[in-house]
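Enquirer: What follows is a predicted protein model with its sequence.
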Amino acid sequence: MTRSMVMRKRQKNLLKFCNKLGCDTLVAFEPENLFYMTGFWGEAIGILDKNGTTIISPELEMGRAKEESTDCEIIKSERGKGSLATLVKLFKGRKACTDSDSYNTIETLKRSLSVRSSTVPFYRAREIKDSQEIAILKKASSILDEMYELCTDEIMIGQSEAHLQTILMSYAMEKGMFATGYQSTLNPLIIAGGPNSALPHAQVTNREFKDGDMIVVDLTLRYRGYISDATRTFGLGSISKEAKKIYQIVQQSQAAGLEAVK
């Protein structure tokens, strides 16, 4: 299935769920939803209706929007309020469903459009992944597997958490994976050795790995617009009986959980 065919199928599905809410136009402000609907990730507004897909973009994003989107009309506009003004002018009188939850945005749109704020069309459409999404997620997972293999070669006594992060992030970026940009964390990875491994969301520090450390490596990275996340625990050097016992308990619990959901 070609990229154009995949995108048309997505858009048809999105519009179906939009219509079920009593709306005829779907407006995307969030970059994740814009990306799913158009193939372009950036500062822009995406509009989908029965006539096709439109991207309202500031001039600085026009080039990428044209190159990365699929079968979209690209309209240049000023940033911020200028984009909203263009949207209101072009789609006046429509019944629009938007993923925006901004009070100011909704109130501006209401001047000329009938507006409903809901992310339901995007969530419902994305519940079942298409072939393109599955291929991306599989590739992302395989890169994480490679990074964990790299951990087995690189982790050593005297190495710092920060140094291991440098090695892993360099490898990830060479493979096309990047930090997710979560607001709740300062670092893209969790690398926690010894006492730091007891903290579920530990920040990476300059602490050096020691003999007997249990080292948690949590990789959460974005690949071609999709996030892949996995966690592994490594034992370094002489592991205590207690640590081995705890590791085995967790491993058995994981196996039981996987068996239960089959």
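Expert: Cool, got the structure.

Enquirer: secondary structure element for the residue nearest to Glu68 when sequence neighbours are not counted?
Expert: Spatially, and ignoring its direct neighbours in sequence, Glu68 is nearest to Phe40 (4.5 Å; C-beta to C-beta, 6 or more residues apart in numbering). For glycine as for every other residue, the C-beta is placed from the backbone atoms N, C-alpha and C. Using DSSP states H and E, Phe40 sits in no helix or strand.

Enquirer: Same question for Leu14.
Expert: Assigned by DSSP H and E, Leu14 belongs to helix 3-20.

Enquirer: For that helix, name the packing helices and strands.
Expert: Helices and strands touching helix 3-20, by 3 or more C-beta pairs under 8 Å, 6 or more residues apart in numbering; DSSP states H and E, are strand 25-28, helix 31-38, strand 45-49, helix 120-125, helix 131-154.

Enquirer: what's the closest of those to Gly235?
Expert: Relative to Gly235, the nearest member of these by C-beta to C-beta is helix 131-154, separated by 10.9 Å.

Enquirer: What residues sit buried inside the closest one?
Expert: By neighbour count on 16 or more other C-beta atoms under 10 Å, the buried set for helix 131-154 is 132-133, 136-137, 139-140, 143-144, 147, 151.

Enquirer: and those as a markdown table, adding pLDDT and distance to Gly194?
Expert: As requested, the buried residues of helix 131-154 are exported to a markdown table (pLDDT from 0 to 100; distance: C-beta to C-beta, whole Å):
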| residue | pLDDT | distance to Gly194 |
| --- | --- | --- |
| Gln132 | 93 | 42 |
| Glu133 | 96 | 38 |
| Ile136 | 97 | 36 |
| Leu137 | 97 | 33 |
| Lys139 | 98 | 33 |
| Ala140 | 98 | 29 |
| Ile143 | 98 | 27 |
| Leu144 | 98 | 23 |
| Met147 | 98 | 21 |
| Cys151 | 98 | 16 |
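
Enquirer: Which of those sits closest to Lys110?
Expert: When those are ranked by distance to Lys110 (C-beta to C-beta), Glu133 comes first, at 33.8 Å.

Enquirer: pretty sure the closest one is touching Arg224, no?
Expert: No. In this structure Glu133 lies outside contact range of Arg224 using C-beta atoms under 8 Å: 9.6 Å.

Enquirer: What's the mean pLDDT across stretch 46-55?
Expert: Average pLDDT, stretch 46-55: 96.

Enquirer: ok so, going back, which one of the helices and strands packed on helix 3-20 lies nearest to Glu161?
Expert: Using C-beta to C-beta as the measure, helix 131-154 is the one of those that comes nearest Glu161, at 11.9 Å.

Enquirer: relative to helix 131-154, how tilted is whichever helix or strand comes after that closest one?
Expert: Where DSSP H and E defines the elements, the next helix or strand beyond helix 131-154 is helix 161-174. Using axes from the mean of the first three to the mean of the last three C-alpha atoms, to 10 degrees, the direction of helix 161-174 lies 140 degrees away from that of helix 131-154.

Enquirer: Now helix 161-174: buried residues?
Expert: Neighbour-count burial for helix 161-174 flags 161, 163-165, 167-169, 172 (criterion: 16+ other C-beta under 10 Å).
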